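Colleague: Quick one, what's the 3D model for this:
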Amino acid sequence: MRRDWTLLALCLPGVLYFAIFFYVPVLGNVIAFKDYAPFLGINESPWVGLDNFTMLLAEPEFWTAVGNTLQITALQLVLFFPAPIALALLLNSLVGHRIKRFIQSVVYLPHFLSWVVVVAMFQQVIGGAGTVSNFLNSHGITIGNLMSNPDTFKLLATAQVIWKDCGWGTIIFLAAITAIDMNQYEAAAIDGADWKRRLWHVTLPGIRPVVLMLLILRLGDILSVGFEQMVLQRDAVGAAASEVIDTYVYYHGVINGDWGASTAAGLMKGVIGAALIYAANKLAHKFGEQGIYR
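Modeller: Okay, the predicted model is just below:
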C-alpha cells in the first residue's frame with residue numbers, strides 16, 4: 001500500500017465509478033421478486049417470489065423481443081464480428097504510413113457519431129426521399145423506403161453497426177498484428193511462402209487469442225444489440241420487427257410502469273450472458289487458449 005499508493009490513487013476514480021454506477025445498482029434487481037411500486041419503495045413493496053418471471057415467460061411480446069434480439073445478434077456475429085478483422089488485415093497490408101494513417105482516421109470517425117446522426121444519415125441516403133432512392137427511381141428502379149421496411153430492418157440495423165463501428169473495432173486487431181514477431185514473416189518468406197500463406201500461417205494464428213477473447217466477451221453481451229439504435233427506428237418499422245429485450249424493458253418498465261417484470265427481463269439477460277461467458281471461456285480452454293480468465 002505504501003509503495004504503490006500513487007497507482008492506487010489513480011485507480012480510485014475508476015473503482016468508484018464502477019462501484020457507484022454498476023455494482024450498487026445491482027442490488028436493485030431485488031425488484032424482480034417484488035410487486036414494486038415507486039411510492040412504496042423497495043423495502044415496503046410486497047414480495048411476489050417468481051410471479052414476475054412466470055408472467056414474463058407467458059408474455060408473447062417478450063418472446064417477440066427475444067426472437068428479434070437473437071436474430072439481430074446472429075447477423076452481427078456473422079457479418080459484423082469478422083468485418084474489423086478483415087479491415088485490420090487490409091490496413092496492415094498498406095505500405096505507405098501516411099495513407100494508412102489517413103484511412104485509419106477516416107474509418108474511425110463514424111464511431112464518434114451518435115446514433116441520432118447515423119440514423120438521420122441513412123434516412124437521407126436510402127430513405128423514401130433519399131439520394132439513392134431518388135437516383136434509382138429516376139432510372140426506373142423502385143426499391144421503396146428501406147428505412148421503414150420491416151422485412152429488411154434486421155439487415156439494415158447490422159449494416160448500420162458495421163458502418164459505424166467497424167473502423168473502431170480494428171484498433172485492437174491492429175495492435176495484435178503489430179505484436180507479431182517480424183522474424184516469423186521473414187522466415188516464412190525465405191521458405192517460399194507467398195502473402196496468402198503468410199496471412200494464413202503467421203498473421204491469423206498470431207491474432208487468434210485476441211479474436212477468441214473478444215468473441216467470448218461478445219457472447220456475454222449477446223442479448224444487447226443497441227438500445228438507442230432500436231428506439232430511434234421503432235416507430236418507422238414497428239415493434240414486431242425492432243422490439244428487442246432492452247427496448248422491451250424500457251417500454252414496459254419505464255413507460256408502462258411494470259417495474260417487476262421489466263427487472264426480471266433484465267436479470268434474465270444478465271444471467272444468460274454470464275452463463276455464455278463461462279461456457280465460451282471453458283471451450284476456449286479446451287482448445288488450449290487463455291480465454292479471459294483461468
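Colleague: Which pLDDT value goes with Lys286?
Modeller: Confidence at Lys286, expressed as pLDDT, is 80.
Colleague: Sort out which residues of the least confident helix or strand in the chain by mean pLDDT are buried, please.
Modeller: In the chain, the helix or strand scored least confidently by mean pLDDT, DSSP states H and E is helix 131-138, which has a mean of 82. Applying a neighbour-count criterion of 16 or more other CB atoms under 10 Å, one finds Ser133 buried in helix 131-138. Yep, even glycine has a C-beta here, placed from its N, CA and C like the rest.
Colleague: got the contact list for that helix?
Modeller: Gln124, Val125, Ile126, Gly127, Thr142, Ile143, Gly144, Asn145, Leu146 (CB atoms under 8 Å, 6 or more residues apart in numbering).
Colleague: again, only this time at 7 Å
Modeller: Gln124, Val125, Ile126, Gly127, Ile143 (CB atoms under 7 Å, 6 or more residues apart in numbering).
Colleague: Stretch 276-289 now?
Modeller: Looking at what lies outside stretch 276-289 - CB under 7 Å, 6+ apart - the contacts are Pro209, Leu212, Ile216, Leu219, Gly220, Ile222, Gly291, Ile292, Tyr293.
Colleague: Apply the buried test to the residues you listed and list what passes.
Modeller: Among the contacts of stretch 276-289, those buried by neighbour count (16+ other CB under 10 Å) are Leu212, Ile216, Leu219, Gly220, Ile222, Gly291.
Colleague: Now do the fourth one, the pLDDT please.
Modeller: pLDDT recorded at Gly220 is 77.
Colleague: Check the last one too.
Modeller: pLDDT, Gly291: 74.
Colleague: right, and it touches Ile216 too?
Modeller: Yes - using CB atoms under 7 Å, Gly291 is in contact with Ile216, at 6.2 Å.
Colleague: before we move on, the earlier item: take the contacts of stretch 276-289 and lay them out in a markdown table including secondary structure and distance to Leu7.
Modeller: Below are the contacts of stretch 276-289 laid out as a markdown table (DSSP: H, G, I helix; E, B strand; the rest coil; distance: CB to CB, whole Å):
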| residue | secondary structure | distance to Leu7 |
| --- | --- | --- |
| Pro209 | helix | 26 |
| Leu212 | helix | 30 |
| Ile216 | helix | 28 |
| Leu219 | helix | 32 |
| Gly220 | helix | 28 |
| Ile222 | coil | 34 |
| Gly291 | coil | 26 |
| Ile292 | coil | 23 |
| Tyr293 | coil | 22 |
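Colleague: could those residues go into CSV alongside distance to Ile245?
Modeller: Below are these laid out as CSV (distance: CB to CB, whole Å):
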residue, distance to Ile245
Pro209, 30
Leu212, 26
Ile216, 20
Leu219, 15
Gly220, 14
Ile222, 10
Gly291, 26
Ile292, 23
Tyr293, 26
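Colleague: Which two among these are spaced furthest apart?
Modeller: Pairwise distances across the contacts of stretch 276-289 (CB to CB) peak at 20.5 Å, for the pair Pro209 and Ile222.
Colleague: need the longest helix for the chain.
Modeller: helix 259-286 (DSSP state H).
Colleague: quick one: contacts for the residue nearest the centre of the chain?
Modeller: Centroid-nearest residue in the chain, with CA atoms, centre = their mean: Val225, separated by 5.5 Å. Contact partners of Val225, counting by CB under 7 Å, 6+ apart, are Thr69, Ile72, Thr73, Gln76, Val244.
Colleague: Same check on Met55?
Modeller: By CB under 7 Å, 6+ apart, the contact set of Met55 is Ala261.
Colleague: What values do phi and psi take at it?
Modeller: For Met55, the backbone dihedrals are phi -70, psi -40 (criterion: degrees, to the nearest 10).
Colleague: tell me the pLDDT at it?
Modeller: For Met55, pLDDT reads 88.
Colleague: Save the buried ones among the contacts of stretch 276-289 as TSV, and put in distance to Phe135 too.
Modeller: What follows is those, written out as TSV (distance: CB to CB, whole Å):
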residue	distance to Phe135
Leu212	43
Ile216	43
Leu219	40
Gly220	42
Ile222	37
Gly291	48
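Colleague: Ala176: which of those is nearest?
Modeller: Nearest to Ala176 among the buried ones among the contacts of stretch 276-289: Leu212, at 11.2 Å, using CB to CB.
Colleague: ok, now how distant is the closest one from Leu219?
Modeller: 11 Å (CB to CB, to the nearest Å).
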